[in-house]
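J.: Pasting a predicted model and its sequence here:
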Amino acid sequence: MKKICVVTGTKDIIHNQLKEINSFFLKNNEEIKRVNLLILSWEAIEINDFKIPYWVDHVSYICNEKLIIAEKVLEVLEKIFYENLFQVIIFPSDYFSNNICVRIAKRLDYDNINFIKTLKYSKENFVVTKNIYSSNLIGEFKFFKTKICVSVENLPKVDYLESKKYTWENLVLEIELEDWVEKILIISKDVKETFADSEFVVIVGKGIGSKENAETIKKIFNKFKCKVGGTRPVVMNGWLPIEDLIGVSGSMIAPELCLTIGVSGQRALMSGIVQSKKIIAIDVDKDSEINKQSDYIFNIDYKEFIEKVQELIPRR
């Protein structure tokens, strides 16, 4: 049975995606042999600088800055998978990959299910398990097509042994963009460079309550020469401008320190800050998802924290 894993992003993002897929294989106690790997990156990756997992037999690699757009990734996958039939296509758990997984399955007429725990093939059907009902139960699902697209559940990033024997193929595909998409790419690139310049980024969520509070926080932290961004709800409510959006729909960042204030920790945001060296969360909700994904947590009213920060500002 031919399997292929699809990973997208920068070198560091792809490395973490491979660690997660490796965790999935280990958890399933599966004998992994002859798995193909498709790398779609918007930055150049040198083969000698990249660690390929031991379960990979063949690597296909495409580098193009336009692959940051989901629609273009789908076009590339359609071309590849129409020419090469794979019974199983595996994606990691991040928001962007799940989006691609669902949409490419529809285009190729594959069965599809996301965030799976296990995947087995038995008597001409695929048997899949995944968490259901807020992870209180594990459901078992049977699929009767001979082809399936899946994404794995969110798993710890377990490092893998390096493959010593695999083939590497550089694919070159022409990717055209409409004029309006080109303009968005230019704007998006400028925003990323702006946030990339900051080693300290603050992200505010809807938990701060209002546009006035967002502006206050931005004013305070600008005095420390750090950038302030917002989650999608914050930007959609007009509390911060669109260029300050952080996450899969905005800037993907990797600062030395990322401070979140009033952020719940939705997947779309976490995918955009996962490369941060340290994440500190300020959130009054002790059950918030952000608590599970941060290095340091302060379950306090953010206004108490802001008061302490203001005390650090030199008085003139």
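T.: Sure thing, it's come through.

J.: before we move on, which element is Ile13 in?
T.: In this structure, Ile13 sits in helix 11-27 according to DSSP states H and E.

J.: quick one: average pLDDT of that helix?
T.: Helix 11-27 carries an average pLDDT of 88.

J.: How about stretch 239-248?
T.: 87.

J.: which of the residues in stretch 234-248 are buried?
T.: Within stretch 234-248, the residues scored as buried using 16 or more other CB atoms under 10 Å are 234-235, 239-240, 244-248. Backbone N, C-alpha and C define where each C-beta goes, glycine included.

J.: now the end-to-end length of it.
T.: For stretch 234-248, the first and last residues are 15 Å from each other (CA to CA, to the nearest Å).

J.: What count of nearby residues applies to Tyr296?
T.: 11 (other CB atoms under 10 Å).

J.: Spit out the contact partners of it.
T.: 278-281 (CB atoms under 8 Å, 6 or more residues apart in numbering).

J.: do Leu74 as well
T.: 100, 103-104, 107.

J.: Throw those residues into JSON lines and include neighbour count and distance to Asp94, thanks.
T.: Formatted as JSON lines, these follow (neighbours: other CB atoms under 10 Å; distance: CB to CB, whole Å):
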{"residue": "Ile100", "neighbour count": "23", "distance to Asp94": "10"}
{"residue": "Arg103", "neighbour count": "17", "distance to Asp94": "15"}
{"residue": "Ile104", "neighbour count": "21", "distance to Asp94": "15"}
{"residue": "Arg107", "neighbour count": "14", "distance to Asp94": "20"}
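
J.: which of these sit farthest apart?
T.: Distance extremes for the contacts of Leu74: the farthest pair is Ile100 and Arg107 at 10.4 Å, using CB to CB.

J.: Pretty sure Glu169 sits against His58.
T.: Yes. With contact defined as CB atoms under 8 Å, Glu169 reaches His58; the gap is 7.0 Å.

J.: neighbour count winner among those two?
T.: His58 (14 against 11).

J.: Now Phe141: closest residue in space that isn't a chain neighbour?
T.: Distances taken as CB to CB, 6 or more residues apart in numbering put Val128 closest to Phe141, at 4.9 Å, once the chain neighbours are dropped.

J.: got it, and Cys149?
T.: Using CB to CB, 6+ apart, the nearest residue to Cys149 is Ala105, at 3.8 Å.

J.: Helix or strand: which one has the one you found?
T.: Judged by DSSP H and E, Ala105 forms part of helix 95-108.

J.: Next, the angle from that helix to helix 11-27.
T.: Taking axes from the mean of the first three to the mean of the last three CA atoms, to 10 degrees, one finds helix 95-108 and helix 11-27 inclined to each other by 70 degrees.

J.: Could you list every helix and strand that the next helix or strand after helix 95-108 packs against?
T.: For helix 95-108, the following helix or strand on the C-terminal side (DSSP H and E) is strand 111-122. Under the contact criterion of 3 or more CB pairs under 8 Å, 6 or more residues apart in numbering; DSSP states H and E, strand 111-122 touches helix 95-108, strand 125-132, strand 137-143, strand 148-152.

J.: tell me the angle the first one makes with strand 148-152.
T.: This means helix 95-108. 170 degrees.

J.: before we move on, back to that, buried subset of the contacts of Tyr296, written for ChimeraX?
T.: A single ChimeraX command selects the buried members of the contacts of Tyr296 (16+ other CB under 10 Å):
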select :279,280,281
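
J.: Any chance of JSON lines for the contacts of Tyr296, columns distance to Phe224?
T.: Shown next, in JSON lines, are these (distance: CB to CB, whole Å):
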{"residue": "Lys278", "distance to Phe224": "16"}
{"residue": "Ile279", "distance to Phe224": "17"}
{"residue": "Ile280", "distance to Phe224": "14"}
{"residue": "Ala281", "distance to Phe224": "18"}
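
J.: Closest one of the contacts of Tyr296 to Asn136?
T.: For the contacts of Tyr296, the nearest to Asn136 is Ala281 (25.0 Å; CB to CB).

J.: shouldn't that closest one be in contact with Phe298?
T.: Yes. Between Ala281 and Phe298 there is a contact under CB under 8 Å: 7.0 Å.

J.: Residue ranges in the stretch 51-200 of the chain under the pLDDT threshold?
T.: 173-194, 196-197 (pLDDT under 70).

J.: Next, format the contacts of Leu74 as CSV and append distance to Gly139.
T.: Listed next are the contacts of Leu74 as CSV, based on distance: CB to CB, whole Å:
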residue, distance to Gly139
Ile100, 23
Arg103, 23
Ile104, 23
Arg107, 26
